[in-house]
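Student: Structure, please.
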Amino acid sequence: NTLWAAAGYTTGTLDSSTFDTGISGGAQINSIFWRGSLPADTSVDFQLAVSNSSSGPWSYKGPDGTSNTYYTPSAANTSIAVDYVFHNNYRYFRYRVRLVSNPAQTETPRIDDVIINWSP
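Tutor: Numbers count the residues shown, from 1 in each chain. Coordinates of the predicted model:
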């Protein structure tokens, strides 16, 4: 899926569908990798939500364990390490991606793929 923030908007977000690791004891989320383009003065950020129930609850968190922070890659096509403390030993997960346009709102990032690396 290609995501984009429409002209006139500074920020756009998308929450993924629910992913099932199939590991009843829970999995460890290791990293987020994304492919796409990141024009100058734009950004792409991620948060993760984990649960042991496919229906949640879903609390999206960044690297400090709160909803106030995001995992932010340094460049396009880059892997971002995930803090194991907040995203470990849960069977289900979702991600939230935030796209931010440049200040003139003439450029926006494009995401072609999001790959979540996890292990049992």
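Student: where along this protein do the helices fall?
Tutor: Counting by DSSP state H, the chain forms no helices at all.
Student: show me where pLDDT drops low in it?
Tutor: In the predicted model of the chain, residues 1-9 satisfy pLDDT under 70.
Student: Bridge partners for the residue minimising distance to the centre of the chain, pull those for me.
Tutor: Taking C-alpha atoms, centre = their mean, the centroid of the chain lies closest to Phe46, which sits 3.0 Å from it. Beta-bridge pairing for Phe46 (DSSP bridges): Tyr71, Val97.
Student: Tell me which residues touch it, please.
Tutor: 32, 34, 70-72, 80, 95-98, 114 (C-beta atoms under 8 Å, 6 or more residues apart in numbering). C-beta coordinates here come from the backbone N, C-alpha and C atoms, glycine included.
Student: Nearest to Asn52 among the residues you listed?
Tutor: Tyr95 (17.2 Å; C-beta to C-beta).
Student: Spatially nearest residue to that closest one, not counting backbone neighbours?
Tutor: Using C-beta to C-beta, 6 or more residues apart in numbering and skipping residues adjacent in sequence, the residue nearest Tyr95 is Ser16, 4.8 Å away.
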